[in-house]
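Visitor: Coordinates only, no sequence provided:
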């Protein structure tokens, strides 16, 4: 049985309203200052692509063969790597940007994005239309 376009749109809206997952995870790698690979600790946790992005911040881009590294990109990546790689962290999915999962990560009660912004290693991004007023984004703007 085919699902109508209208029914598909309603299902997509319903999926966006569903509570977004949160939990504990082990940090497997840190490709850049705003990208981390999380492996959920709980077997009941969601599975899927372990690559996540830190929500609400923009970090200088790491270089590759086609692009020069931006200033402070290495420092931002190392700052994150030294604090969380191989450690258990608490994470919460803040929003989805297409297929990319944007998460907030805290270790020992401190938010990682807040630490990056306070050290001037990241900038707070523009508010997304699908984020909640008064949440993490507003906290980051106050730093």
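Guide: It's in. Please read all numbers here as calculations on a predicted model, not as lab measurements.

Visitor: Where does the prediction get shaky in the protein?
Guide: 1-20, 43-49, 127-134 (pLDDT under 70).

Visitor: how about the strands in it?
Guide: 22-32, 35-40, 51-54, 57-58, 88-97, 100-107, 110-111, 123-124 (DSSP state E).

Visitor: Now render these as TSV, adding mean neighbour count and distance to residue 117.
Guide: Glycine gets a C-beta too; all of them are placed from N, C-alpha and C. Output for these, formatted as TSV (neighbours: other CB atoms under 10 Å; distance: least, CB to CB, whole Å):
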stretch	mean neighbour count	distance to residue 117
strand 22-32	17	16
strand 35-40	19	16
strand 51-54	20	10
strand 57-58	19	6
strand 88-97	17	15
strand 100-107	20	12
strand 110-111	15	9
strand 123-124	16	6
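
Visitor: Quick one: closest of those to residue 68.
Guide: Distances from residue 68 to each of the strands of the chain were compared using CB to CB; the shortest belongs to strand 22-32, at 14.2 Å.

Visitor: sorry, back to before: do you know which of the strands of the chain lies nearest residue 79?
Guide: Closest to residue 79 of the strands of the chain is strand 22-32 (CB to CB; 9.5 Å).

Visitor: quick revisit: and the strands of the chain: which comes nearest residue 81?
Guide: The nearest among the strands of the chain, by CB to CB, is strand 22-32 at 4.3 Å.

Visitor: out of the strands of the chain, nearest to residue 73?
Guide: Comparison of the strands of the chain against residue 73 by CB to CB identifies strand 22-32 as nearest, at 7.0 Å.

Visitor: just checking, residue 73 touches residue 62?
Guide: Yes. Using CB atoms under 8 Å as the test, residue 73 is close enough to residue 62 to be in contact (4.7 Å).

Visitor: anything in contact with each of those two?
Guide: 32-33 (CB atoms under 8 Å, 6 or more residues apart in numbering).

Visitor: No further queries at this time; thank you.
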